[in-house]
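Student: Quick one, fold the following:
(chains A and B)
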Amino acid sequence: MSKNFFEIKNVDFNVGGKTKVKNVSFSIKNEGDVICLLGPSGIGKTTILRTIAGLEKVKKGSIKLNGKTLSSEKINIEPENRNVSLAFQDNSLFPHYTVEKNILLGSERNKERHKKKLTLKEIVDLLDIFHILNKYPHEISAGEAQRASLARSLITQPDLLLLDEPLSNVDQSFKEEIQVRLKKILNQLKITTIIVTHDSYEAFYLGSKCGIILNQKLKQFDDPYKVYHFPNSIEVVNFLNRGILIPAKVTGKNTLENWDLGTIEGNFIKEYPKGSNVQLLLQPEDLEHDDKSNLKLEVVDRKFRGTNFIYTLKTPSNTLIPVFVHSHHIHQHEVDEKFGIKRPIHIDHIVCF
Amino acid sequence: MRINFWYISSFLISFFVIIPILTVFSSFFENTSNYYQVLKDTFLLEYVLNSLILLLSVLILTFLIGTGSAYLVSFFEFPFSNFFKWALILSFAVPPYIYAYSLTAFFENYGTAYTILKNLFGEANYNQSIPKFDGLFGVILSISFSLYAYVYILARASFLYQPQNLIDLGKNLGFTKLKTLYSIILPAARPAIVAGLSLVAMETLAEFGAVDFFSINTLTTGIYNSWIAFDDLAFANQLSFFLLLFIFALFILENLSRKKARYHMDSRGGFKQKRKIKLSGGKSFMAFMFCFLIFFLSFLFPLSQMMYWTIKFPENLFDLQIMTLLTNTLYLVVLSSLVLIIFALISNYGNRVTKNKTLNILSTLSISGYAIPGVILAVAFITFIAWFDESVIKTYGFLSIKKVFIGSILGLVIVYFIRFYSLAFNGIKSGYEKINISVDESSYLLGYSKRKTFMNIHIPFLRNSLLFVFILISLEIIRELPITLILRPFNFETFATTAYISASEDLLEAAAVPSLFLILIATSFIIVTSKYILRDKNE
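Tutor: Below you'll find the predicted structure:
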């Protein structure tokens, strides 16, 4: 049996005597893997990180790192003895020290542990914070403070790095660049990392696995691709908000029938008996635009998103369906106009509930 | 919960401070001498009435002076307004009893006022036309001019952090300055003003030197007399118990009013520098005169009176062993402040890391020591040591410990510790409140233990708070009278006790020199640290 580098087994995550997330189990197989936890605000994502860091106690289940139990009902290794680093969302820089001193305090931790030591210069270059090194935390912006906090956590080169919404305050224009740099350095240094975020794009990019936390439970823990295309519950579909569920009837091994859209074909990821009534997941990229098609739906809204348009179409039974169209598409449809859908409708993976 | 070093030390420190409070409360059930009946039939009502009149008058006067001057220097620009901003806190350097000596010295028959009039207009019988500021009125003036700075400092800090938007909103709604003052500015500063007034109230009820000098009978002097004249410790404690109840009621009031108060704005953004209104003409002159009058009456007047006498009777200067008094005063100041700061720091950190409810309640109770007048504390301390010596030490055949604690520096430092513990604890606590708990957590996650977090992260952060607390305690100890008077070692005098002894022997001229030195030392402490007291970082 293969041994996991990090493992959470049947843990209830509590804060202030209240259980936030129940009976969670997941693992990180290899050292250096990055996973992301996604969920709406206030669901308990931060509580999970705080518990792993040792700031909250475990009353049920166990948390193991590299074969060693960090937390269980009986064991609780103090945060300072875990070599687990947590970068808080609200940065928590020491207010009376400059950014440089803050970061260097982190570097003192693992003086002896690592052969390849991350230098201040490397970390400063990585996060582009040279200009704020001599400033105090109250003199810098929230985004800069977040990067400085991230730098302090990274420089400790911990066995496990926990990042709580690490880029939530970083400017949108700079965010993607930092994401790329962060991914690169985590890979280079092989720092096992758990990132908590509510930004699914960030999670899908940074994590090799994603966990979705909803209604006090870890609903799904899987590859980003599978989480997106093969959500395992209606709650996950609703949370990701990347599609809608429409009623359909299974008519064959590879076909379904919908009252508004007609026949839909593709590969079922799960078998359903012929004649079953199901809820079909329809994602914006599942439908194709075709002006010549006789399947016409009414445009009720159009959002310009730079690379694409998202049309919201109304079916005769008043269901609203989102459809992506490349923004270079010449024929732009206005609200109230008719929008043609290519037939027959083909969906690569048919997900039903 | 884990019992660790921080928990145990915080618990012991808080428990230690509570002992005298418990002693006072337990005395309620003890028998008293006949003095109780005598007093009840004669002066008790007078004690209570005098205390109440004194309290109410001082509160009204300090509110008017403190809030009025804070309002002027915070919102308006007029000649010397920046000077008055810090000059108005110098009144802290003049304790009420020294103010009382100055009042008497100036207005008494053939006093300084008489001399001035004689020099100006020649010999005449001015004594009848010079008003006499003594008795209860004298006490009210002495305490008010000495203590209004509590209200001034807290009200000003609150005005300083009031958002400019609120005031702009008032203008936008068409409010006059007066309406803006009573419908926006004062209500917003209410918690701070009430907090300042509560401190004044506690100090007034605890005041000993000035009331004793003007021979006004209050509950505090009653306690002192029942102990000194009638040797009735139990009754002294019972009187203390009633005074304590009164003070606790005020204390709860203060806590309740603080509960909803928010004293600071977020450090990043939000704070907008207040635009002061530039006054001109008559208004400017009136504002200047108001502040100048307060500054003159509260500080320049007692200072110059004491200087005048020191110059007029220089022999007193040479009779006094200034260096010994200075050494004694500073010795007590440094020793007590250090002990207080170290223990208050440990206790604060213990409370922070253990997050234990029992400890929290114990700490809240322990900081009520400040509400207990020095006289009561000193008496309670002697009661406790006497009881402990009789019932525990002697029972087991050990040598008496009375001499170790009563009439010794150790005893003095212990009672100062209990009396001023709340100043140290709260001062450090307010510093700690600025450290987000995630700072501690970040430190643990960087591998720092609790001890290292305390030493390497917290203490450097609290440096300014610690300095501020040191100055506050120092000022209190320099001015402190009853505890030092009752518990000091034989032949060990400070500026305060020397001044008191001379004044009580009707040698006011001799009291001038130690009083002057006391004012000068306290003034230098205030000037050096005025920026911490005024908290003007953002201004």
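Student: The host helix or strand of residue B:241: what's the following helix or strand?
Tutor: Counting by DSSP states H and E, the element that carries residue B:241 is helix B:233-259. Counting by DSSP H and E, the next helix or strand C-terminal to helix B:233-259 is strand B:277-278.
Student: What strands line up against that next one, and which way round?
Tutor: strand B:76-77 (parallel) (DSSP bridges).
Student: Now do the partner strand: everything it contacts.
Tutor: B:276-279, B:287 (C-beta atoms under 8 Å, 6 or more residues apart in numbering or on different chains). The way it works is simple: take the backbone N, C-alpha and C, and place the C-beta from them, glycine included.
Student: which one of these sits closest to chain A?
Tutor: Distance to chain A across the contacts of strand B:76-77 (C-beta to the nearest C-beta) is lowest for residue B:276, with 24.5 Å.
Student: Quick check: residues of the stretch 351-500 of chain B near chain A?
Tutor: B:434-436, B:438-439, B:441-449, B:457, B:460-461, B:463 (C-beta under 8 Å from any C-beta of the partner chain).
Student: Could you identify the buried members of those?
Tutor: When those are checked for burial by 16 or more other C-beta atoms under 10 Å in any protein chain shown, the buried set is B:435, B:438-439, B:441-448, B:457, B:461.
Student: Any chance of a markdown table for those residues, columns secondary structure and pLDDT?
Tutor: Shown next, in a markdown table, are those (DSSP: H, G, I helix; E, B strand; the rest coil; pLDDT from 0 to 100):
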| residue | secondary structure | pLDDT |
| --- | --- | --- |
| B:435 | coil | 83 |
| B:438 | helix | 83 |
| B:439 | helix | 87 |
| B:441 | helix | 89 |
| B:442 | helix | 88 |
| B:443 | helix | 90 |
| B:444 | helix | 89 |
| B:445 | helix | 88 |
| B:446 | coil | 87 |
| B:447 | coil | 86 |
| B:448 | coil | 88 |
| B:457 | helix | 89 |
| B:461 | helix | 87 |
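Student: Using PyMOL, define a selection of the buried residues within the contacts of strand B:76-77.
Tutor: Command for PyMOL, covering only those of the contacts of strand B:76-77 found buried under the criterion 16+ other C-beta under 10 Å:
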select buried, chain B and resi 279+287
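Student: Can you lay out the contacts of strand B:76-77 as JSON lines showing pLDDT?
Tutor: Output for the contacts of strand B:76-77, formatted as JSON lines (pLDDT from 0 to 100):
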{"residue": "B:276", "pLDDT": "81"}
{"residue": "B:277", "pLDDT": "83"}
{"residue": "B:278", "pLDDT": "87"}
{"residue": "B:279", "pLDDT": "87"}
{"residue": "B:287", "pLDDT": "94"}
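Student: For residue 326, give me its contacts.
Tutor: I went with chain A, as the question did not name one. A:307-309.
Student: nope, chain B
Tutor: With contacts defined as C-beta under 8 Å, 6+ apart, residue B:326 is in contact with B:495, B:517, B:521.
Student: what's the answer for residue B:319, then?
Tutor: Counting by C-beta under 8 Å, 6+ apart, residue B:319 makes contact with residue B:510.
Student: Quick one, grab the pLDDT at it.
Tutor: Per-residue confidence (pLDDT) for residue B:319: 76.
Student: Can you tell me the element the most centrally placed residue in chain A falls in?
Tutor: Residue closest to the mean C-alpha point of chain A, counted by C-alpha atoms, centre = their mean, is residue A:203 at 2.9 Å. According to DSSP H and E, residue A:203 maps onto helix A:200-206.
Student: Which residues does whatever helix or strand comes next after that helix contact?
Tutor: Next in sequence after helix A:200-206, counting helices and strands by DSSP H and E, comes strand A:209-214. Around strand A:209-214, the neighbours that count as contacts under C-beta under 8 Å, 6+ apart are A:21, A:26, A:28, A:33, A:35-40, A:43-45, A:48, A:203-204, A:218-224, A:227, A:235-236, A:239-240.
Student: per-residue confidence averaged over whichever strand or helix holds residue A:173?
Tutor: Taking DSSP H and E as the criterion, residue A:173 maps to helix A:172-189. What helix A:172-189 shows for mean pLDDT is 85.
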